[in-house]
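Trainee: turn this into a model:
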Amino acid sequence: MTGTAIAPGTAAGPRPPGAVDPRGPRVAAAGTSLVLAATVLTGSVWLLALQAVVFALTVVLGPGRGPWGALFRVAVRPRLGPPAFWEDAAAPRFAQLVGLGVVGAGLALWALGVPGAVVGSAAAALVAAGLNAGFGICLGCALYRAGLRRRRLSRRASGRPAP
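Mentor: This next block holds a predicted model:
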């Protein structure tokens with residue numbers, strides 16, 4: 001998680017700009033897991049393409065405004081208490097971009113006639129989505145944070161000021 005922790009027992013307060021409720025991406029990962037599991041079971045290129053569209057919309061609109069984010073906002077969040085903290089939306093957005101890359105590669109390989117491309121890419125994305133949904137381990141978010149650390153270290157080593 002990339003959020004700023006709030007003292008236990010207190011609400012996070014109003015949503016800061018560029019932040020999302022960290023429970024939203026986990027709900028999105030659960031929905032994504034269902035679509036990807038169905039794709040693995042059926043081998044359906046159409047389900048994989050549908051998930052690619054969902055990933056793309058979430059990258060463009062942001063995690064809180066993509067299809068799964070809208071479902072969370074309308075159907076799930078009103079039934080929950082306030083979040084303990086807010087999460088910067090950049091890491092979950094990057095994770096969606098990684099997911100789009102994985103399923104996009106599967107679709108491209110399918111178009112080239114590579115056997116197993118749909119099921120293989122869906123399975124790989126399912127592992128990542130399942131880890132996020134079940135355990136709160138966001139692999140794309142971890143890649144995002146690793147990239148930020150590397151960028152900061154690179155700036156520091158070159159003598160440039162950190163952003």
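Trainee: which one is L139 nearest to, not counting chain neighbours?
Mentor: Spatial nearest neighbour of L139, chain neighbours left out: A128 (4.7 Å); criterion: Cβ to Cβ, 6 or more residues apart in numbering. No exception for glycine: its C-beta is placed from N, CA and C like everyone else's.
Trainee: centre of the chain to the helix or strand containing the one you found, how far?
Mentor: Using DSSP states H and E, A128 sits in helix 117-135. Distance of helix 117-135 from the chain centroid (Cα atoms, centre = their mean, to the nearest Å) equals 11 Å.
Trainee: the helix or strand following it to helix 117-135, inter-axis angle?
Mentor: Per DSSP H and E, the first helix or strand lying C-terminal to helix 117-135 is helix 139-158. With axes from the mean of the first three to the mean of the last three Cα atoms, to 10 degrees as the basis, helix 139-158 and helix 117-135 are set at 80 degrees to each other.
Trainee: okay, buried residues for helix 139-158 please.
Mentor: Judged by neighbour count using 16 or more other Cβ atoms under 10 Å, the buried positions of helix 139-158 are G140, C141, Y144.
Trainee: between those, which sits nearest L61?
Mentor: Checking the buried residues of helix 139-158 against L61 with Cβ to Cβ, the nearest one is G140 at 16.6 Å.
Trainee: give me the nearest residue to the closest one, chain neighbours excluded.
Mentor: Here the residue nearest G140, using Cβ to Cβ, 6+ apart, is A95, at 2.5 Å.
Trainee: burial measure for that neighbour, as a count.
Mentor: 27 (other Cβ atoms under 10 Å).
Trainee: gap between G31 and Q51?
Mentor: Separation of G31 from Q51 (Cβ to Cβ, to the nearest Å): 10 Å.
Trainee: of these two, which one has the most company?
Mentor: Taking other Cβ under 10 Å, G31 and Q51 do not tie; Q51 has more neighbours (28 against 17).
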